[in-house]
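# Sequence first, predicted model second:
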Amino acid sequence: MLEARAFEPEYLQRLDRLVLGIKRARTVRSGQRTLGRVQGAGIEPENFRDYAPGDDLRLLDWNAYARLDELTLRTFRADRQVEVTMLVDASASMAYPERDDKLGLALAIAASLAYIAMGDNDAVRLGAFAVRRGAMRLDTTPFHRRRESYRDFRTFAGDCRCGGETGLGAAVDEFLLQRRPAGMVIVISDFLVNQVDYEDALSRLQAARHEVKAIHVMGEQESSGSYPPGLYRVRDAETGELRETVLGAESAAACRRIVDRLSARLLGFCTSRAIVYARAFGASNLEAFMERELPALGIVR
Amino acid sequence: MGFLNPSSLIYGLSIAALVVIYLRSRSRPTIEVSSLMLFEETPAPVASVRHLRIDPLFWFELLGLAALTMAVAGLYIMMMPRGPGLARSNALVFDLGAGMTARERGGLRIDQARRAAYQVIDAAAAGAEFSVITYALEPELLLAQTSDRAALRKTIDGLVALDVPARASALRGAMMRAQGGAEVDLFTDRPPPPGALDDVAGLARVHVHQIGLGDDNSAIVSLDPGAVGLSQGRAVLRNFSARGRLLEFVIDVSGHEVFHQPVMLSPREQVLVPFGPLAAGGLVHARILSSDAIAADNERWAWAPSSDRARALVLSPDPAVRDDLARVLLALNANFRVDAADPGLYRPDAATARQPTSSYELAVMHDCYLPAVHSDATLLVFPPVTSTLPGGLKVTATAPSAEMRPHRPDGESAVAPTMLGATRVVEIPEWMESAATASRTGSPAAIVAAAAGRSIGGSIGLLAFDIRNHFLLDPDRLDALVVTIGLLRKLTAPPGIQIVPTGGYVDVPASGTVQVTDPGGKVTALAADRWGRVRLRPLESGRYTIASGPRTVEVFANYFDASESDLSAAHPANDNAAARGAGRIAAAHEPRQATPLVLVLVALAFAAFAAESAFLLRHAARWGLRHV
């Protein structure tokens, strides 16, 4: 399974240099302070550097100037208080095509981002959602802040199974009912739902002042439509609906057109709502996706 | 083609299992997809249903399983054996039927057959052995396998075609006798009937040499002299040629020409030529003077009974039977004067007193026997159970019912039996010949239903079944009437003349040494048997003279056989002219031996499975193992 890749030391070592990109300021509540690696307006001194014109004179270290006769600035670590939630689609559609291992890819991405976020001591949790037996089921892990507890996510990722319908809107409802402070929500899904559903869900997350990022996961075979040619009866993994169809080159082309259209529609919506959108098509591209695609989009730095 | 071990075909059920699996897999496979949304624009399947989808895997497996099943069952084919040196022994089979007497431009057909046989002999390797077998009515081995060419040529030179039809059963018998030869050469004027060569075709190479070209033949089919002075006679003439023919037709009676007329016959026409009524009885001799291929069927003899009154006696306790028998006798010879009497009231002495000049020509006794009646011939009908029957006849029992099968002229028994009433079980002496046999209901044993014979004491006929209740006039039992008339004709035939068909046996009363002169003038000496007769079988048409001391009997043999005389039937319409000119049809039935195909079938099965494996590997490489 691909999610195991996210817990391999060699892989994690490559993620150590990455930092989760968070746009908005965090609220620091009394009694709770988190030190991050990002320089900023904190109270914890971090380092000294030479003065440059334009720097805030309030940060000058006058004692050092008196002893050394040099203008030196004190830098501080920024104070962050952000909760990062990875919402992974665990519906039945994530299990097909089986050889694509879409759920494994989604969990690997989620775990990888969690690992990166924990590097800044951010509170991170993983969640998997799906509608099963008519009820929304949103399973989440506790928040973890330190990388020492990163391994705890492995059990969750290993136990995660696909099943049921997507229910993205219901999952957002369930999530918002928890009344967590505004933070970052990364939705990882194949988004094979109605356009209205995901637009409504993402909009409500934004309305709750969460910073929303959407990662679109699809398999290589699924996105290219390369099924063995022949006459088949295809069954929708979530609804069970059947349709007889002829698979071949023509159907593959049609499949690719639909995926492109779906992706473009989702990208257009995200762009209009300032939601970062990333496409992760194909399980073999995990490293490239994490190290090149996400930095390019600003999800990590 | 066949199977050495047919029971192993049970393994063929594996093919049924394969078909079931195939039919099940033919149902369209279902694949799970993440969402039908992705397939909204894929084409829908066509509406038509392909019942025989081209599935290479299925056909490869079917081929492999079928080949293995047939290999296990031991499929074999009959093939020519390989290797030289098999043609060491040869059988020369000659058709001696009347068709081979046909005279054509190249001479007699039998002579053409002889020449063809010599060509075969000359072309054979030195030391090759030959046997000579002939057939017409029966097969006969004239010369056993020998390499003595002189004896062989002498035997072939002595072959004479007969005025009898060549029977298919005789051909089959001849081919069975020829089984010892590696090569069989059949010389005949017509294609062998279907199946005639089956017995030998698998064991020897059979060459059919078809002899003869023409179809120019006409024949006298039948001759009925009619009643002397009362009714016209009738002759039936038939033209077998595909061309019209003008025949010169002549009829003599006792050497005097009474009818001479040209008759024009259309192609393959049969006409009835009336003549007479004849003024006097005697031997009627009909002839076609125009020459044609077969001379034997251009002559025919018949006996016209004299208009002189002949006396017949009918004795029966049943008046209806007496009446029936008198009618039959008068129909046979209108000049009969029939006396009918109840045997209980008949007084032979008184009858002799009324007619002291002569005895009866024929006495018919039903359910009685009076030894005191003097007659030239006696017909016993349903003879009584008594020990005083003439000539060694002995009644042993009475069957309440029986089924009769008359003997047909070709020697075979009639197919449909005639139901008889009460029938005597009679033991007949050796000099009597059975004309019809019967079987008791529920018993397969045959009993004599009709018989006739000639001994020193005169001619005696026997009808073992009862003819009460107008049995002879019953239209559903015409066979019984035909048998009765046949016996009466035999019994009333003139003592010095017998007219028989060729191939049939004829008994002639004789004593001591008998000189038999055949139609060709050849004289043969025979000895009479202990019953005072000689038995002949005329195989040539014409007159045979049997001289026994001062007594001379003439036997006239008539030949006609529609299939044998029809020379055009010997040649298919599309026959190759060149082949006909050569007088030989290259119809060689090759000797074959069973050759198992196990190795070929196993190789075929392996090839099929290898092809299937390659197909699967290619599929797996392209789509992954899950889709194999």
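Structure's in. What do you need?

# isn't A:A182 right up against A:A208?
Yes. Judged on CB atoms under 8 Å, A:A182 makes contact with A:A208 at a distance of 6.4 Å. (Each C-beta comes from the backbone N, C-alpha and C, glycine too.)

# mind listing the helices for chain A?
Secondary structure of chain A (DSSP state H): helices at A:9-15, A:62-68, A:102-118, A:152-159, A:168-177, A:195-207, A:220-224, A:249-272, A:286-288, A:294-297.

# Quick one: closest of these to B:N239.
Nearest to B:N239 among the helices of chain A is helix A:249-272; the distance by CB to CB comes to 78.3 Å.

# tilt between the closest one and helix A:195-207?
30 degrees (axes from the mean of the first three to the mean of the last three CA atoms, to 10 degrees).

# Just confirm yes or no for helix A:249-272 near chain B.
Yes. If you take CB under 8 Å from any CB of the partner chain as the test, helix A:249-272 does meet chain B, through A:E250, A:S251, A:A254, A:C255, A:R257, A:I258, A:V259, A:L262.

# mind listing what the most centrally placed residue in chain A touches?
Centroid-nearest residue in chain A: A:I186, 3.7 Å away (criterion: CA atoms, centre = their mean). By CB atoms under 8 Å, 6 or more residues apart in numbering or on different chains, the contact set of A:I186 is A:V84, A:T85, A:M86, A:L87, A:A110, A:L113, A:V212, A:K213, A:A214, A:I215, A:I299.

# got it, and B:E32?
So B:E32 contacts A:Y96, A:V234, A:R235, A:A237 (CB under 8 Å, 6+ apart).

# Which of those residues fall within strands?
Counting by DSSP state E, those place A:V234, A:R235 in strands.

# Which PyMOL command selects the buried ones in the contacts of B:E32?
The following PyMOL command selects only the buried members of the contacts of B:E32, with burial defined by 16 or more other CB atoms under 10 Å in any protein chain shown:
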select buried, chain A and resi 96+234+235+237
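
# Quick check: B:R618 is in a helix.
Yes. When DSSP: H, G, I helix; E, B strand; the rest coil is applied, B:R618 is found to be in a helix.

# and it, how many residues sit next to it?
By other CB atoms under 10 Å in any protein chain shown, 11 other residues sit near B:R618.

# Look up the pLDDT of it for me, please.
pLDDT for B:R618: 86.

# same check, this time on the one 4 residues further on
Residue-level confidence at B:R622 comes out at 75, pLDDT.

# secondary structure element for it?
Assigned by DSSP states H and E, B:R622 belongs to helix B:598-623.

# what does B:D292 give?
Going by DSSP H and E, B:D292 is not in any helix or strand.

# I'd say it and B:S218 touch.
Yes. Checked against CB under 8 Å, the pair B:D292 and B:S218 is within contact range at 5.4 Å.

# so where's the stretch 1-150 of chain A uncertain?
Regions of the stretch 1-150 of chain A meeting the criterion pLDDT under 70 cover residues A:23-44, A:77-81.

# Please identify the residues of it in proximity to chain B?
A:A92, A:S93, A:M94, A:A95, A:Y96, A:P97, A:E98, A:R99, A:K102.

# List buried residues within those.
A:A92, A:S93, A:M94, A:A95, A:Y96, A:P97, A:K102.

# Can you tell me the closest non-neighbouring residue to B:L604?
Among residues not flanking B:L604 along the chain, B:A67 sits closest, at 4.4 Å (CB to CB, 6 or more residues apart in numbering or on different chains).

# Over to that neighbour. Which of the three states is it?
Put simply, B:A67 is helix when judged by three-state DSSP.

# Pull the number of nearby residues for it.
23.

# quick one: contacts for it?
Neighbours of B:A67 in contact, by CB under 8 Å, 6+ apart: B:L601, B:V602, B:L604, B:A605, B:A608.

# Check the gap between it and B:F609 for me.
The gap separating B:A67 from B:F609 is 10 Å, by CB to CB, to the nearest Å.

# before we move on, what about B:A438?
According to CB to CB, B:A438 and B:F609 sit 67 Å apart.

# For the two, indicate the residue with more neighbours.
The residue with more neighbours, out of B:A438 and B:F609, is B:A438; 25 against 17, by other CB under 10 Å.

# May I ask you to confirm that that one is in contact with B:A445?
No. Using CB under 8 Å, B:A438 is not in contact with B:A445, being 10.1 Å away.

# Now stretch B:122-139: buried residues?
Under 16+ other CB under 10 Å, the buried positions of stretch B:122-139 are B:A124, B:A128, B:E129, B:F130, B:S131, B:V132, B:I133, B:T134, B:Y135, B:A136, B:L137, B:P139.

# And stretch A:282-301, by the same measure?
A:G282, A:A283, A:L286, A:F289, A:M290, A:E291, A:E293, A:L294, A:I299, A:V300.

# is any part of it close to chain B?
No. For stretch A:282-301, no contact with chain B is found by CB under 8 Å from any CB; the gap never falls below 14.1 Å.
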